[in-house]
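**Q** I would like the atomic coordinates for the input below:
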Amino acid sequence: QVQLVESGGGLVQAGGSLRLSCAASGSTFRINTIAWYRQAPGLQRELVAFIGSSGVYTFYTDSVKGRFTISSNNAKNMVYLQMNSLKPEDTAVYYCNTGYTRGGVYYSYDNWGQGTHVTVAA
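**A** Next up, the predicted model:
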């Protein structure tokens, strides 16, 4: 079992930056891929980015490409999401999640943190 704890959310003005952190503990040797999802009020949870265990392969959804960067520190069992040039539409609860990839497609395990709130004011 892997436990995930997100942190780093907050209130920021449009155009600002935040860095989210995801701390993994427990059976971290089982982790293949870690992803960031977000869920805005009234909307479905959506995949934002993921990173493979090697830290080399990354994916970003189109709406965040060029603005967000996912990275990992395997020695510390940490995954980060650097978010720059934030927009009001980035407002959501951000979650990290473990899963695996096949053919470049991410498959999520039912393993979620409690989430961290990001609010971007216009």
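
**Q** in the protein, which residue is closest to the centre?
**A** What sits nearest the mean C-alpha location of the chain, by C-alpha atoms, centre = their mean, is residue 36, with 2.1 Å.

**Q** elements contacting the one helix or strand it maps to?
**A** Take DSSP states H and E as the rule and residue 36 turns out to sit in strand 33-39. When contacts are defined as 3 or more C-beta pairs under 8 Å, 6 or more residues apart in numbering; DSSP states H and E, strand 33-39 sits against strand 18-26, strand 46-52, strand 78-83, strand 92-102, strand 105-112. To be clear about C-beta, it is placed using only N, CA and C from the backbone, and glycine gets the same treatment.

**Q** for residue 119, give the beta-bridge partners.
**A** Counting by DSSP bridges, residue 119 is bridged to residue 11.

**Q** output the contacting helices and strands for the helix-or-strand element of the chain with minimal mean pLDDT.
**A** Ranked by mean pLDDT, DSSP states H and E, the weakest helix or strand in the chain is strand 105-112, scoring a mean of 92. Helices and strands touching strand 105-112, by 3+ C-beta pairs under 8 Å, 6+ apart, are strand 2-7, strand 33-39, strand 92-102.

**Q** among the helices and strands packed on strand 33-39, which is nearest residue 70?
**A** Closest to residue 70 of these is strand 46-52 (C-beta to C-beta; 4.2 Å).

**Q** partner strands of the closest one and their direction?
**A** Applying DSSP bridges, one finds strand 46-52 paired with strand 33-39 (antiparallel), strand 58-60 (antiparallel).

**Q** so the longest one versus strand 78-83, what angle?
**A** In other words, strand 33-39. If you take axes from the mean of the first three to the mean of the last three C-alpha atoms, to 10 degrees, strand 33-39 sits at 40 degrees to strand 78-83.

**Q** where's the residue lying farthest from the centre of the chain relative to residue 66, distance?
**A** Largest separation from the mean C-alpha position in the chain: residue 122, at 22.4 Å (C-alpha atoms, centre = their mean). In this view, residue 122 and residue 66 are 20 Å apart by C-beta to C-beta, to the nearest Å.
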